[in-house]
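**Student:** model the following, please.
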Amino acid sequence: MSVYVGNLSYEATEENLNAVFAEYGSVKRVQLPTDRETGRLRGFAFVEMSSEDEETAAIDALDGAEWMGRDLKVNKAKPREDRGSFSGNRGNNSFGNRY
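**Tutor:** Below is the predicted model:
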(Lines give C-alpha, C1' and ligand atoms only; values in the text may rest on other atoms or scores of the structure.)
Protein backbone atom coordinates (compact mmCIF):
# COMPACT_ATOMS: atom_id res chain seq x y z
CA MET A 1 0.00 0.00 0.00
CA SER A 2 0.95 3.59 -0.56
CA VAL A 3 0.00 6.97 0.82
CA TYR A 4 -0.96 9.84 -1.50
CA VAL A 5 0.36 13.25 -0.44
CA GLY A 6 -1.26 16.16 -2.24
CA ASN A 7 -0.95 19.95 -2.26
CA LEU A 8 2.82 19.70 -1.85
CA SER A 9 5.15 22.63 -2.13
CA TYR A 10 7.14 22.57 -5.38
CA GLU A 11 10.28 22.82 -3.22
CA ALA A 12 9.60 19.48 -1.49
CA THR A 13 12.25 16.79 -1.91
CA GLU A 14 12.35 13.05 -1.36
CA GLU A 15 14.59 13.68 1.65
CA ASN A 16 12.07 16.16 3.18
CA LEU A 17 9.19 13.74 2.78
CA ASN A 18 11.23 10.82 4.04
CA ALA A 19 12.10 12.76 7.21
CA VAL A 20 8.48 13.79 7.87
CA PHE A 21 6.99 10.33 7.31
CA ALA A 22 9.81 8.58 9.21
CA GLU A 23 8.31 10.06 12.40
CA TYR A 24 5.43 7.59 11.93
CA GLY A 25 7.37 4.50 10.87
CA SER A 26 9.77 3.04 8.36
CA VAL A 27 9.60 4.62 4.90
CA LYS A 28 10.25 2.14 2.10
CA ARG A 29 9.99 4.49 -0.87
CA VAL A 30 9.10 8.06 -1.84
CA GLN A 31 7.98 8.97 -5.38
CA LEU A 32 7.77 12.59 -6.51
CA PRO A 33 6.28 12.65 -10.03
CA THR A 34 7.53 15.37 -12.36
CA ASP A 35 5.99 16.93 -15.44
CA ARG A 36 7.36 15.25 -18.59
CA GLU A 37 7.79 18.49 -20.49
CA THR A 38 9.01 20.92 -17.84
CA GLY A 39 10.65 18.57 -15.34
CA ARG A 40 8.87 20.52 -12.58
CA LEU A 41 7.31 18.68 -9.64
CA ARG A 42 3.60 18.04 -10.08
CA GLY A 43 2.63 18.96 -6.50
CA PHE A 44 1.96 15.48 -5.16
CA ALA A 45 3.85 12.39 -4.05
CA PHE A 46 3.44 8.78 -3.05
CA VAL A 47 5.02 7.43 0.13
CA GLU A 48 5.25 3.70 0.77
CA MET A 49 5.65 2.62 4.38
CA SER A 50 6.42 -0.73 5.97
CA SER A 51 3.00 -1.42 7.47
CA GLU A 52 -0.60 -0.36 7.19
CA ASP A 53 -0.55 0.77 10.85
CA GLU A 54 2.32 3.16 10.06
CA GLU A 55 0.46 4.49 7.02
CA THR A 56 -2.68 5.06 9.11
CA ALA A 57 -0.68 6.91 11.79
CA ALA A 58 0.92 9.16 9.17
CA ILE A 59 -2.43 9.86 7.48
CA ASP A 60 -4.11 10.69 10.79
CA ALA A 61 -1.30 13.03 11.81
CA LEU A 62 -0.52 14.75 8.51
CA ASP A 63 -3.84 15.12 6.65
CA GLY A 64 -4.65 18.83 6.83
CA ALA A 65 -1.37 19.69 8.54
CA GLU A 66 0.55 22.72 7.30
CA TRP A 67 3.96 21.88 5.86
CA MET A 68 6.23 24.15 3.82
CA GLY A 69 3.44 26.75 3.69
CA ARG A 70 0.76 24.39 2.37
CA ASP A 71 -2.07 22.37 3.94
CA LEU A 72 -1.32 18.77 3.03
CA LYS A 73 -3.90 16.34 1.68
CA VAL A 74 -2.85 12.86 2.85
CA ASN A 75 -4.81 9.66 2.27
CA LYS A 76 -4.49 6.08 1.08
CA ALA A 77 -3.42 5.96 -2.53
CA LYS A 78 -5.94 4.47 -4.92
CA PRO A 79 -4.79 1.89 -7.46
CA ARG A 80 -3.72 3.43 -10.74
CA GLU A 81 -6.50 3.39 -13.32
CA ASP A 82 -5.85 1.95 -16.74
CA ARG A 83 -6.20 5.01 -18.95
CA GLY A 84 -5.99 2.97 -22.14
CA SER A 85 -4.21 4.09 -25.26
CA PHE A 86 -4.06 7.53 -26.76
CA SER A 87 -5.97 6.47 -29.87
CA GLY A 88 -8.91 8.74 -29.06
CA ASN A 89 -11.76 8.75 -31.60
CA ARG A 90 -10.14 7.20 -34.63
CA GLY A 91 -12.11 7.76 -37.77
CA ASN A 92 -14.23 10.45 -36.16
CA ASN A 93 -12.38 13.55 -37.27
CA SER A 94 -13.74 17.07 -37.37
CA PHE A 95 -13.80 17.11 -41.19
CA GLY A 96 -16.87 14.89 -41.39
CA ASN A 97 -17.36 12.81 -44.52
CA ARG A 98 -16.58 15.41 -47.15
CA TYR A 99 -14.03 13.26 -49.00
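**Student:** which ones are touching residue 25?
**Tutor:** With contacts defined as C-beta atoms under 8 Å, 6 or more residues apart in numbering, residue 25 is in contact with 49, 50, 51, 53, 54, 55, 57, 58. For every residue, glycine as well, the C-beta is placed using N, CA and C.
**Student:** try 7 Å this time
**Tutor:** Residues in contact with residue 25 (C-beta atoms under 7 Å, 6 or more residues apart in numbering) are 49, 50, 51, 54, 57.
**Student:** for residue 33, give its distance to residue 57.
**Tutor:** 24 Å (C-beta to C-beta, to the nearest Å).
**Student:** neighbour-wise, which of the two wins?
**Tutor:** It is residue 57, of residue 33 and residue 57, that has more neighbours when counted by other C-beta atoms under 10 Å, with 16 against 11.
**Student:** find the nearest non-adjacent residue to that one, please.
**Tutor:** residue 24 (4.4 Å; C-beta to C-beta, 6 or more residues apart in numbering).
**Student:** how about residue 6?
**Tutor:** Closest to residue 6 by C-beta to C-beta, 6+ apart is residue 73, at 3.7 Å.
**Student:** what about the one you found, how many residues close to it?
**Tutor:** 14.
**Student:** just residue 62 next, same as before
**Tutor:** By other C-beta under 10 Å, 20 other residues sit near residue 62.
**Student:** filter the contacts of residue 25 down to the buried ones, PyMOL style.
**Tutor:** To isolate the buried subset of these in PyMOL, counting by 16 or more other C-beta atoms under 10 Å, use the following:
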select buried, resi 49+54+57
